[in-house]
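Participant: Sharing a model that was predicted from the sequence below.
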Amino acid sequence: MPTLTDLALRQAGLTEADVDWLHMLLSDWQLLADLSFADLVLWAQVRDGSGWLALAQIRPVTAPTAIADDIVGAVHPGGARPFLDVAMEERRICREGDPEWTTGVPVRHETIPVTHEDRVIAVIERSTNLSAARTPSRMDLAYLRAADDLAQMVAAGIFPLPGEQPTLVRSPRVGDGLLRLGRSGRVTYASPNGLSAYRRLGLTADLVGAELGPLTARLSASGGPRDDSLMLTASGRAHMETEVEGNGSVVQLRAIPLVVGGVRSGALILLRDVTELRHRERELITKDATIREIHHRVKNNLQTVAALLRLQARRLKAAEARAALQEAVRRVGSIAIVHETLSHAPDEVVDFDDIAGRVAMMAAEVAAPEARVKPGLSGEFGLLPASVATPLALVLTELLQNALQHGFTRPTGTALGGKLEVTANRLNGQLTVTVTDNGVGLPEDFDVNSTASLGLQIVRTLVVAELGGRLEVSPQPGGGTRVLVEIPVQTATGTPDGGAGPGTPA
Ligand SMILES: Nc1ncnc2c1ncn2[C@@H]1O[C@H](COP(=O)(O)OP(=O)(O)O)[C@@H](O)[C@H]1O
Ligand SMILES: [Mg+2]
């Protein structure tokens, strides 16, 4: 379907400024349709004046539609719809005498010229389905009167109201609640939903007859600077939106000052109870804080566990048992590092370069205090989700530990010097990590897939089964060992790096 901009610029020959105005009008015309209980169609003259082109269409949510078909893009030859021409030429709202029956239901048409900078740039056709017509209620009459005021403002070129920012949250609609204010700012009509919203704010007296500005300020729980905009909005003096909080409820207010024939004729106040919405937002915020607090406590608990194991290790005489407990201390410690980072993270995503640095430091300190090797880090891990960060931190801990323990330590226990390098590279949804040492190298009969020792088994399980990646342990040409870990990762936003899917070869 062609867009309004396409149709208006190419086929109707309107200017960019005209189109901007029409866009502003369209962002608000649901209001006019709902108050009118009518369908609206925006017509513009075809460039050569040979007919009328339908630019846009909207149906009321308050009444049955009069136009079941989609008619945007349709063209009527000139003269076929005389009241469109009349609205344009005579610059006035006109109403057809008799209802039309062409579609089987009685439909009454009216036309409203759309004026911008003193020119009529388009015409709104307002079509009411009369088949459901009944004796109008007080509410119907209040709506229709408001619709007529707005229509006159459209014709006079003062609605839509310029300078109005489009709101991010959905503005209140007619059905959410409507108040009509008279010239003095007193309520002359309140829809049942409008009254309910004020009841929820704590109003016990009647709304009709009350001065809305002062009344709303009294009900508002927050005294303070906000009250200026509250007074302006609730008294219907400025076209703006605000929120009132009172009695445990939150109500969104939107004021539309009405000016008819150059004279202020009061205002429409649209209102909507947003208590539940705001409540849920606040819950989400506290939920985030709660998750961070939990990570903090998990970290503390893990540190306690590590401390207990360390204490126990010191009491043991058997060197092997002591070493085993020390390894456990280190493993627990590396998980604690991830939780510590998560306790500061705004969401469940961590900067793994930070974690890698701390894991390397811990490996150098705790694992082999006698080794004279400091691991070097190069490349970038980037942001990783918590579900990847925890296993990867453990993997890195094991690999660094092995290099320090086996690569740079003679069986006699003497420490050797050397180089230990960690590189990280992220490309096309894949993270490649290598841990390379120039130490003594792997034993003769080494096979990573059949090793029964715990460390590499943990590494293999985490890399292959948990992270869905690949593990390679190979001798380094010229002496030493190189371990390669490849895992699929998603970027923080959930899309793979560089657009390729997880596991796609680079
Ligand atoms: N970087 C390395 N340099 C030399 N040998 C290594 C290296 N990494 C692993 N190994 C060898 O692989 C074996 C298995 O390692 P691992 O599963 O971590 O068990 P552990 O460290 O408890 O011995 C080690 O005992 C060692 O012989
Ligand atoms: Mg090991």
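Facilitator: Sure, I can see it. Ligands and ions are numbered 1, 2, ... in the order given.

Participant: Can you tell me the element the closest residue to ligand 2 within the chain falls in?
Facilitator: Nearest to ligand 2, among the residues of the chain, is residue 455, at 2.7 Å (CB to the ion). Using the backbone N, CA and C atoms, a C-beta is placed for each residue, glycine as well. Following DSSP states H and E, one finds residue 455 within helix 454-460.

Participant: which other helices and strands contact the helix or strand that that helix is followed by?
Facilitator: Sequence-wise, the next helix or strand downstream of helix 454-460 (DSSP H and E) is strand 470-475. Strand 470-475 is packed against helix 454-460, strand 481-488, with contacts defined by 3 or more CB pairs under 8 Å, 6 or more residues apart in numbering; DSSP states H and E.

Participant: ok, back up a step: give the contact list for the residue lying closest to the residue of the chain closest to ligand 2 once chain neighbours are set aside.
Facilitator: Nearest non-adjacent residue to residue 455, counting by CB to CB, 6 or more residues apart in numbering: residue 398, 4.8 Å away. Listed by CB atoms under 8 Å, 6 or more residues apart in numbering, the contact set of residue 398 reads 331, 455-456, 458-459.

Participant: So what's the residue count around the residue of the chain closest to ligand 2?
Facilitator: Residues contacting residue 455 under the criterion other CB atoms under 10 Å number 17.

Participant: Hmm, residue 402 and it touching each other?
Facilitator: Yes - using CB atoms under 8 Å, residue 455 is in contact with residue 402, at 6.1 Å.

Participant: Break this protein down into its domains, please.
Facilitator: Listed domain ranges for the chain are 4-156, 174-273, 279-488 (source: automatic domain parsing).

Participant: Would you mind giving the ones you listed as TSV with mean pLDDT added?
Facilitator: What follows is the domains of the chain, written out as TSV (pLDDT from 0 to 100):
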stretch	mean pLDDT
domain 4-156	92
domain 174-273	90
domain 279-488	89
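
Participant: Return the set of buried residues in stretch 341-361.
Facilitator: Residues 341-343, 345, 349-353, 355-360 are the ones in stretch 341-361 that count as buried (16 or more other CB atoms under 10 Å).

Participant: for stretch 115-126, same thing?
Facilitator: Using 16+ other CB under 10 Å as the test for burial, stretch 115-126 gives 115-116, 120-126.

Participant: Also stretch 188-205?
Facilitator: Residues of stretch 188-205 classed as buried: 189-191, 193-198, 200-201, 203 (neighbour count, 16+ other CB under 10 Å).

Participant: Of these, which belong to helices?
Facilitator: Among the buried residues of stretch 188-205, DSSP state H puts 193-198, 200 in helices.

Participant: Report the contact partners of whichever residue of the chain sits closest to ligand 1.
Facilitator: Closest residue of the chain to ligand 1, CB to the nearest ligand atom: residue 455 (2.3 Å). Residue 455 is in contact with 327, 398, 401-402, counting by CB under 8 Å, 6+ apart.

Participant: Out of those, which are close to ligand 2?
Facilitator: Applying CB under 5 Å from the ion, the subset of the contacts of residue 455 adjacent to ligand 2 comprises residue 402.

Participant: Can I get the contacts of residue 455 in TSV including secondary structure?
Facilitator: Shown next, in TSV, are the contacts of residue 455 (DSSP: H, G, I helix; E, B strand; the rest coil):
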residue	secondary structure
327	helix
398	helix
401	helix
402	helix
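
Participant: secondary structure class for the residue of the chain positioned farthest from its centre?
Facilitator: Centroid-distance maximum for the chain: residue 412 at 60.5 Å, with CA atoms, centre = their mean. Following three-state DSSP, the label given to residue 412 is coil.

Participant: That one and residue 440, how far apart?
Facilitator: Distance, residue 412 to residue 440, using CB to CB, to the nearest Å: 12 Å.

Participant: And residue 176, by the same measure?
Facilitator: 76 Å.

Participant: Looking at these two, which one has more neighbours?
Facilitator: Using other CB under 10 Å, the more surrounded residue of residue 176 and residue 440 is residue 176, with 20 against 17.

Participant: those helices in the protein, which residues are they?
Facilitator: Counting by DSSP H, the helices of the chain are 4-6, 16-26, 29-36, 82-90, 138-156, 192-200, 212-219, 226-234, 275-315, 319-342, 352-362, 386-402, 454-460.

Participant: Is it possible to get TSV of those helices that adds distance to residue 250?
Facilitator: Shown next, in TSV, are those (distance: least, CB to CB, whole Å):
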stretch	distance to residue 250
helix 4-6	34
helix 16-26	27
helix 29-36	22
helix 82-90	42
helix 138-156	25
helix 192-200	9
helix 212-219	12
helix 226-234	12
helix 275-315	5
helix 319-342	32
helix 352-362	39
helix 386-402	33
helix 454-460	52
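
Participant: how about those, which one is nearest residue 60?
Facilitator: helix 29-36 (4.5 Å; CB to CB).

Participant: From what I see, residue 437 and residue 407 are in contact.
Facilitator: Yes - assessed by CB under 8 Å, residue 437 is found in contact with residue 407 at 4.1 Å.

Participant: got any residues that touch both of these two?
Facilitator: 418, 420, 480-481.

Participant: Buried among those? Make that a ChimeraX selection.
Facilitator: Filtering these down to the buried ones (16+ other CB under 10 Å) takes a single ChimeraX command:
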select :418,420,480,481
